[in-house]
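Q: below is the sequence, then the predicted model.
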Amino acid sequence: MTFALATTVHRAIGGAMSLFPPATCSRLIVKIGSALLVDPDGAVRRDWLAGIAADIAERTRARQQVAVVSSGAIALGARRLGLAKGGRGTLEDAQAAAATGQIALSQVWAEVLAAEGLTAAQILVTLDDLEDRRRYLNAAATLDRLLSLGVVPIINENDSVATEEIRFGDNDRLAARVAQAAGAGGVVLLSDIDGLYDKNPALSGAKHIERVERIDAAIEAMADTGSASGMGSGGMVSKIAAARIANAAGAHLAIASGRIDRPLSTAARHSLFVAEKGASARKAWLAGGLTAKGRLTIDAGAARALRGGASLLAAGVQTATGSFARGDVLDIVGSDGVVIARGLSEYPATDAATIVGLGRDAQEAALGYAPRSAMVHRDHMVLL
């Protein structure tokens, strides 16, 4: 987004949250946690939600397009079904609660948005919908069309069919992936905490972190895995993971408290994770992926070559593990086991394993056909 457009949007919304880049982008993703939507008794906090709808309407009139990633289905369904542990006692309970609660959640969103003259749409996704490239592009096209029509998409993980092996597990990372698919410039994670602290905020002397230019080991060490409400599935670890995904795609991400009325139009303390220079769409999708079909372990020379912008050659690969086909996503790791890159394989698993460590001439003899130029080409790879 150009500076001129950012300034126009910013002025139109009355300068709210003036040091808050997500407030000025042309397309915004807002994630709302379960504890904000649902009270401890399992009822929807309708008055608070109506305030959110009013905020969204205000931003829509200012020409900002807004999509919402909304938690709450499991919490609502658990109340209606009388399930223990908020519906999270077993996977089967969570699936049943989600199926029951999602229809109620969608109805509430449709009603509060309609009261502001807005139309809601529901999109339910699984991890595979955003990890598979073709399905990801389909989801991106649907989001783009809805937003261009002035519709407010309400997005949630399809918990009624997701399993432990194929699920996001938290809506923080889902929001970041949705932002990437929608080409959004900003993400706001509304939660029960007002941002990142250098240690657990319940401890004496904890310091609030206002701005993060780069997510490194020191920032990750500040995260606390707990969810304060007991309703949600994410803690600060998931929020930092979401920030990494969003930032790599060129979107700013803010963690802000939703424990106030009208949180999207009220200047309040928050933690801002500043976006990196946007990568290409394909590379941003690769960087934001949460799953890989296989793993290539490489030697130190190959790692240096990748950092210098080279493709990954078979000669620098030490091991190839996993069950993958040509075009599948692979993690590329150093000898210390740390993932340094991610890319699309030029070979199926059996052929990749056959040519590990071999030079080009030896590869042709081993494969029985002319080898490709690389195991993973630099145009289909992103450094992490």
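A: That came in fine, so what should we check first?
Q: so Ala366 sits against Gly357, correct?
A: No - using Cβ atoms under 8 Å, Ala366 is not in contact with Gly357; the gap is 10.5 Å. For glycine as for every other residue, the C-beta is placed from the backbone atoms N, C-alpha and C.
Q: helices along the stretch 201-350 of the chain, start to end?
A: Taking DSSP state H, counting those that start in this stretch to define them, one finds helices in the stretch 201-350 of the chain at 217-221, 236-248, 281-288, 300-307, 349-355.
Q: mean neighbour count, the ones you listed: which tops it?
A: When the helices of the stretch 201-350 of the chain are scored by mean count of other Cβ atoms under 10 Å, the highest mean neighbour count falls to helix 236-248 (a mean of 24).
Q: which strands or helices does it pack on?
A: In this structure, helix 236-248 makes packing contacts with helix 171-182, strand 186-191, strand 196-197, helix 217-221, strand 252-257, strand 270-273, helix 281-288, judged by 3 or more Cβ pairs under 8 Å, 6 or more residues apart in numbering; DSSP states H and E.
Q: quick one: closest of these to Asp331.
A: helix 281-288 (10.4 Å; Cβ to Cβ).
Q: so for the closest one, what's the average pLDDT?
A: The average pLDDT within helix 281-288 is 71.
Q: again with stretch 360-367
A: Mean predicted lDDT for stretch 360-367 stands at 93.
Q: and what of stretch 209-227?
A: Mean predicted lDDT for stretch 209-227 stands at 82.
Q: just the pLDDT for Asp261.
A: 93.
Q: and it, what does it touch?
A: 48, 51 (Cβ atoms under 8 Å, 6 or more residues apart in numbering).
Q: Gly334 versus that one, what's the distance?
A: 49 Å (Cβ to Cβ, to the nearest Å).
Q: where does this protein have low pLDDT?
A: Low-confidence segments of the chain, defined by pLDDT under 70: 1-23, 162-169, 224-234, 278-283, 290.
Q: how's it carved up into domains?
A: Listed domain ranges for the chain are 3-285, 292-383 (source: automatic domain parsing).
Q: looking at those domains, which is buried most?
A: domain 3-285 comes out most buried of those by mean count of other Cβ under 10 Å, with a mean of 19.
Q: pull the longest helix from this protein.
A: Counting by DSSP state H, the longest helix found in the chain is helix 91-114.
Q: secondary structure element for Asp128?
A: Element membership of Asp128 [criterion: DSSP states H and E] is helix 127-131.
Q: and that helix, what does it pack onto?
A: helix 133-148, helix 171-182.
Q: export those helices as JSON lines, with columns for distance to Val382.
A: Below are those laid out as JSON lines (distance: least, Cβ to Cβ, whole Å):
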{"stretch": "helix 133-148", "distance to Val382": "14"}
{"stretch": "helix 171-182", "distance to Val382": "13"}
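Q: closest to Gly322 out of these?
A: Closest among the helices and strands packed on helix 127-131, using Cβ to Cβ: helix 133-148, at 17.6 Å.
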